[in-house]
Structures are given as C-alpha cells and as structure tokens.
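Chemist: Requesting a structural model of the entry that follows:
(chains A and B)
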Number of protein chains: 2
Amino acid sequence: MLSSIVASSAFAELRATGDLGVVIERESGSAVIVNTTSHQALAKVDGLGDLSHASVVFSRDQRYAYVFGRDGGLSKIDLLQDKLDKRIVQAGNSIGGAISQDGKLIAVSNYTPGGVKIFSADTLALVADIPASYADGKLSKIVGLTDAPGQRFVFSLFDAGEIWTVDVKNPQKPVIQKYPNIGKEPYDALMAPDGHYYIAGLFGEPGLALLDLWQPELGVKRILPDYGKHDEKLPVYKMPHLEGWAVAGDYLLAPAIGHHEVLVIDKKTWQLVKAIPVPGQPVFVMARPDARQIWVNFAFPDNNQLLVIDAKDLSLTKLLTPGKGVLHMEFTPRGEQVWVALRDDNQVVVYDTETLQEVARLPVQKPNGIFFSARAHKIGL
Amino acid sequence: MLSSIVASSAFAELRATGDLGVVIERESGSAVIVNTTSHQALAKVDGLGDLSHASVVFSRDQRYAYVFGRDGGLSKIDLLQDKLDKRIVQAGNSIGGAISQDGKLIAVSNYTPGGVKIFSADTLALVADIPASYADGKLSKIVGLTDAPGQRFVFSLFDAGEIWTVDVKNPQKPVIQKYPNIGKEPYDALMAPDGHYYIAGLFGEPGLALLDLWQPELGVKRILPDYGKHDEKLPVYKMPHLEGWAVAGDYLLAPAIGHHEVLVIDKKTWQLVKAIPVPGQPVFVMARPDARQIWVNFAFPDNNQLLVIDAKDLSLTKLLTPGKGVLHMEFTPRGEQVWVALRDDNQVVVYDTETLQEVARLPVQKPNGIFFSARAHKIGL
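Modeler: Now for the predicted structure:
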C-alpha cells in the first residue's frame, strides 16, 4: 500500500503546510500525511497506538498534527519531517481533545481517570490536571471537549450531568465554571462554528443542553425536548457524532438518532422546522464550507451511501455510492472538493463537490478519519 | 529598520506557513514577512513597485503571497525562501485581484486597459484576457473583483454599470454572465463570507446592487436605497472599503459614507436596523473571527482612533488610540489578537482582543495593509 506514497524527503524540498492533512488508519495505528493539491500520500507515520477512535487538531503554524487515540495516547506528528515528534500516554482511556485559541495548550478529555489534562503544545509536558470530581467524590467520564474564544475549553461530564468551562489564560491556575443539572448523561457535544453556542446531547433522557457562551449567566437550558427520544423498536446502529451538525444560514441540520431523518432546526428559536427523510441512519451531517451543500453519511447497513442535500431548498441533490464503509468526510478549506474515508475498501475517494464526479482515489489502510491542516484556524473543534 | 528582522534563513530551519503573513510598506514598495506566533518580522522583500494601494492573496498551500500593486504589477513572494519568486507588470493601472477556489488561477482587475486578466498561479503566464467592453465599444474600469464558489470570479464595471460573473472551470474558455443596468458607477463590492451574496456600492447614485449567487436567475436588485446618499455639506475624507463590512449573526455592519455612523443592516430583509454613532468617518468595519466584536477605523482627521463594538448588544466597548494613521487591521485566524497598521508611526501594533491590551509593536515602514496566510482558506476575498 506504500506504492502511492511519493518518494520524497521533507529535507530535500521545501514544503508549505496549508494544503496538508492526515488520514487515520484505525487498525495499524498509523497516520498518512496527504497533500490535497496533488492528491498524494506523502508519508506514513506509525506507532500512534489504538486509533479505533481518533481525532486530530493542528498547531497554529500548521506544522504539527496532534492525534488523540482511544488508549489515552497523545501523539505529535511533524508534517514537515514526516515523523513522530513526541508521544505520551496520558491516561488509560481517552476520547478526544482540543487546542487552545492561542495554540499553546492541548487539552485531552479522559474516561479513565475521568477528567481533563492540559499539556504544553510544544513539549507535551503536563500543565494542568482537572479531575472531573462530582458530588459523591467519584470522577466522571468527559465528553464533548472543545476550545472556545477567550482562551477557554468547554466539556461535559457524562456521569455527573454537568457542563464545565475552563479559562486557561493562566494555565497554572485554570478558572473553572461549573453548570450542574444540565440533564442525564451528556454523551457528546458540539460548538457552533463561531464559538457562540455549546450544545450537549443527552443519552439518559431526550433533549439537548444549550449553553450560550455570550450569556453564560443565563445558565444551561434544555432545547429540542424530543431530540433523541427514539422508538424502542428501531435499533440505533451508531450514535451520531454531534460535531457533525451543519450550520446553513438560519438552520442547523442534525442527524436524528435511530431514525432515517435529518432534522432541520431553527437556530434562533431552537425549534424543529422539518425532518428530511434520508435512506439510512445519519451519522455525520456536514456543510460544505460555503454552506450551499450538506453531505450526510450513514450507519450500517447503509454505510455505502453518501447523500448530498441542497441547502437552498433542502432538496436531495444526489445519492452517491462511493464504496464500502463510508466513515468520515472532510472538505477542502474552500469547499471545491471533499475527501471520503472508505474503511472497508481501504481507500480514500475525492469528489469534486460541484460536478459530484470522482477526481482521485488513494489507497489507505482502514481509514476512519480525515483531518486537514486548515482546522488550525477554526474555532470550536 | 531591519533591526527587528530575525537573522534567519529559510534554508537553515524548517518553516511552516500557517502563522505567516505580509505587511505592505506603501512607500518603499516592499513587503515584510511576519510570524504571528512570535510577533517577529522574518524578512523584507523589495521591488514590488507602486504599493500605494495594494492587496494580497495566498496560494492554497500558503507558500506564496500574490501582491497586487497600483501600477499593474503582480508579484509572487515565496514565504519559505524570503524572496520574490516572480513578478510581471500586467497592466498600466490596477486595483486588486483574487485567487480561484482551486488555487490555480490569479485574476487581476484593471483600470487601464479596463478588464480582467487571468494568470496561472504557478507561472504567472497569461491564461485568459477578458476586456470589459460595453455598449459603445469602450473598455470599463473594473472594481470589486472577488472569487466565488464554483471556480468563479465576480466583478463590477465602473463605467458600464454592470456586474459580470466568470466561470473559469475551463480557463481557456471562460463563461461570462453579464448583469447590465445594475446602477450608476459601482465603485467597490464585497462578497459575503460564504459566497452567497455579492454587493456593489454605487458612486453615481444612492443604494447598493445585490446579486444572489444562489439564484442568479433573479438578476441584480437594488437594496438600501438611502445608502451613500450623503449630506453635501459633509465632506467625504475617504471612501470606505466595502470589503470591510462585517457579518455578525443576522446583521451586516457597514461604514456610512461621510457620516459618523456605522450602519446595522438586517441580512434577511436588507433593511437598515439602526445607525451607531461613532467618533469619525468609518473606513474598515471588521468582525473578529468569532463575530463577538466589531473593530472600526476612521478617515482623517480621526485616523488615530480604533473603536471596538460589542456585537452582543451593539454597545461601544472601548475607543483605543494606538497611534497615528490607523490604516488597516487584520485578525489572527481564531481572533485572539489583531494587528493594526500605523502608517504615520511606522509601526504595526498587536492587541489582545479580549483584554484590549497591547502585546507587541513592530517597526514597519509606512504600513498600509496586513494580510495573513489563513486568507488562503477563505471564500470571497
């Protein structure tokens, strides 16, 4: 599978980092550095541990990719030198992370032990440890960790039913604000692309918990009281990722849980506007960067499909069948192309988003996540 | 003035390009390459011609900065090697340019001869020449050139009173769509950040011309019929730049022409919501990337001031006096800092946007524009 990797050395040629990305190979614990202009795999970096669930953030100069692995591993990949720069195993069980607004701090959300650890983005040295202790002295699993404007992180406590914000302007003395009783078992969360709203999904009861970060004094309120209240007869094959929600104009498009529907929610009133019937249980619902198209992938057994919705009138533009195991999509920064991970075909396929024609196909081993370096410049990932 | 420039060579150390930018030095025809993480000037590149009016776009890998000069010069700067890579003088009189969605084409808007020329971003070889000829066979000056999704460019014809879109999917055969009779003398234009709306200001009559790029078949319509209808007794010291308009939630904030006001416009109805009194004639009205703050600079004699407006309630947060000749501002991609050009102080000052405290000051000769490489990933610049 290395046949597609260009024989090149970062030392031999100058390389800029604006059009680079990494594709996660879940089973081999490796990441492939890719170039989105040439559609090439540049290098493979091994030794990243358990990547059965992985996410990636980028340094503000876009030189380094930080990979958060399922096993608590935090790996720093050098995109200029095609190598693992540093790696630590910082917890026993982890599910994601974020990078601070100023790029200096990496926060990781841990299940075991439950809490958030904050590291220097430069050295990966521990800077702050925030155990998620709640009423009975136990530690809560952490989910839905994102960065927020004002050098903050926001996350949810699954076991405690709380949302916390942490101001890390002085990382030695993080300032924590706790919002208790937000609902039972928040299982994931998302931040609006402008950092204004943080929304946690609830596993233990229907509805979503909304925190307005412009008016935190108002506390957390419950919205969409029917969200997640699914028919018991309909099995849920895969819980949707909340970060997959798409903002398009006045609407937020979100995957219904269990149902073959994409929900359209009014961003001003937080009311359901309509449910769009789709051919499977949606997982990721993502807007093209110009928000004109919404792309949707599906849980098993419909995970060979990829749906394109026109944001103009919410009509279905096209149903694509790119291959087996469509797990993740990533748009190029200005939206002209989209890269799609086909886990069971050991491939990544690239589409032109206007013609919906395939423009490239790259061999990658069991890809389950695609992350481009332009994420360095985004809020709330 | 080179004292602040770090003695370094791109060959001696690896350099990523995500946190780089250029500051234009208007009188010496040079550009200073800066690093926004370390607040350092890395190098100065000379020989860029007349930069009394200049704008900059970046290649999609963020390696190259393309500088459009007043004299028709198009200069390609290599941010990795601190040097001028290529330079052409492509017209007699030019005012700006744009880079195509796929990053392969550079378009330049010319006054003399009136029209748009399109070049290969790689070689700067001419790919297409689009003379702006209109009814009587003359050539019109071109203003308000921007890129748009779908590999298009959009621009306005000052003398003809027209808006044209050009689809350059096949750059050998550009497909031009003309919208005539949009109003008298469009003098500048802006694209909404998602590429949905293109709005041209009219010099020859009040109001603005709006083209909905999602529904171009509807044609161009007139909005804000009072915009630009200013009191003759009030001299206009500097025409505002339309690209300085800020989108904040449902509102568009725009500089009033001649008046000491920032206009708040409802994006859905295109009606004026209110006029915020400000201490001078506004020039640039720019939103912090998270849209929580709006920063405004002013025309002479109030060009020593910089106003911060809170987007939450449109209140005035603070009036800063950073120095003399506040000509331009540029936010870091995630908005934690803003760089401000002080032409008459020969300085650039950097503010923390949350504390509004100064964090750095760099010597730069007569700076009149600041452009960061994250622009590579934005639509409609």
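Chemist: quick one, what contacts residue A:356?
Modeler: Residues in contact with residue A:356 (CB atoms under 8 Å, 6 or more residues apart in numbering or on different chains) are A:308, A:317-318, A:320. Bear in mind the C-beta positions are built from the backbone N, C-alpha and C, glycine included.
Chemist: Is it possible to mark the buried ones in the residues you listed?
Modeler: Neighbour counting by 16 or more other CB atoms under 10 Å in any protein chain shown classes A:308, A:317, A:320 among those as buried.
Chemist: Single out whichever of the residues you listed has the smallest pLDDT.
Modeler: Among those, residue A:317 has the lowest pLDDT, at 95.
Chemist: Dihedrals phi and psi, the nearest residue to it once chain neighbours are set aside?
Modeler: Among residues not flanking residue A:317 along the chain, residue A:308 sits closest, at 4.2 Å (CB to CB, 6 or more residues apart in numbering or on different chains). Main-chain dihedrals, residue A:308, degrees, to the nearest 10: phi -110, psi 120.
Chemist: same question, the one 4 residues further on
Modeler: Note on residue A:312: its backbone torsions stand at phi -60, psi -50 [degrees, to the nearest 10].
Chemist: Up against chain B, what does the stretch 51-200 of chain A have?
Modeler: A:58-63, A:79-81, A:101-103, A:149-151, A:194-196 (CB under 8 Å from any CB of the partner chain).
Chemist: So which of these sit within strands?
Modeler: Judged by DSSP state E, those include residue A:58 as members of strands.
Chemist: before we move on, the earlier item: Serialize the buried ones among the contacts of residue A:356 to TSV and add fields for distance to residue A:346.
Modeler: Compiled in TSV, the buried ones among the contacts of residue A:356 are given as follows (distance: CB to CB, whole Å):
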residue	distance to residue A:346
A:308	24
A:317	28
A:320	19
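Chemist: Tell me which residue is most central in chain A.
Modeler: The structure's chain A has its C-alpha centroid closest to residue A:243; by CA atoms, centre = their mean the separation is 5.4 Å.
Chemist: So that one, which state does it fall into?
Modeler: Assigned by DSSP: H, G, I helix; E, B strand; the rest coil, the conformation of residue A:243 is helix.
Chemist: so it makes contact with residue A:188?
Modeler: Yes. Under the criterion of CB atoms under 8 Å, residue A:243 makes contact with residue A:188 at 7.4 Å.
Chemist: any idea how far residue A:193 is from residue A:86?
Modeler: 30 Å (CB to CB, to the nearest Å).
Chemist: of those two, who's got more company?
Modeler: For residue A:193 versus residue A:86, neighbours defined as other CB atoms under 10 Å in any protein chain shown are more numerous around residue A:193 (20 against 16).
Chemist: Quote the end-to-end distance of stretch A:372-381.
Modeler: Criterion CA to CA, to the nearest Å; first-to-last residue distance in stretch A:372-381 is 12 Å.
Chemist: oh sorry, the question was meant for stretch A:207-225
Modeler: End to end - CA to CA - stretch A:207-225 spans 4 Å.
Chemist: Output the lowest mean pLDDT helix or strand found in chain A.
Modeler: None of the helices or strands of chain A scores lower by mean pLDDT, DSSP states H and E than strand A:246-248, at a mean of 86.
Chemist: does residue A:33 have beta-bridge partners, and which?
Modeler: residue A:22, residue A:43 (DSSP bridges).
Chemist: Surely it touches residue A:56?
Modeler: No. The pair residue A:33 / residue A:56 is not scored as a contact, 11.3 Å apart, by CB under 8 Å.
Chemist: re earlier: list the contacts of the least confident helix or strand of chain A.
Modeler: Contacts for strand A:246-248 (CB under 8 Å, 6+ apart): A:192-193, A:252-254, A:267, A:285-287, A:291-292, A:294, A:311.
Chemist: wait, residue A:142 sits on residue A:158?
Modeler: Yes. Contact criterion CB under 8 Å: residue A:142 and residue A:158 qualify, at 7.2 Å.
Chemist: Compare the two (neighbour count), which wins?
Modeler: With neighbours defined as other CB under 10 Å, residue A:142 and residue A:158 compare such that residue A:142 has more, 29 against 24.
Chemist: What's the per-residue pLDDT of that one here?
Modeler: On the pLDDT scale, residue A:142 is placed at 97.
Chemist: And residue A:154, by the same measure?
Modeler: 98.
Chemist: C-terminal to the one helix or strand it maps to, which secondary structure element comes first?
Modeler: Per DSSP states H and E, residue A:154 falls inside strand A:152-157. Per DSSP H and E, the first helix or strand lying C-terminal to strand A:152-157 is strand A:162-167.
Chemist: for that next one, which positions count as buried?
Modeler: Judged by neighbour count (16+ other CB under 10 Å), strand A:162-167 contains these buried residues: A:162-167.
Chemist: Counting neighbours, which of the residues of the stretch 51-200 of chain A next to chain B end up buried?
Modeler: Applying 16+ other CB under 10 Å to these, the neighbour count classes A:58-63, A:79-81, A:101-103, A:149-151, A:194-196 as buried.
Chemist: where do the helices sit along the stretch 251-381 of chain A?
Modeler: Secondary structure of the stretch 251-381 of chain A, counting by DSSP state H, counting those that start in this stretch: no helices present.
Chemist: For it, list the residues in contact with chain B, please.
Modeler: So the stretch 251-381 of chain A meets chain B at A:268, A:289-292, A:312, A:333-336, A:354, A:373-374, A:376-379 (CB under 8 Å from any CB).
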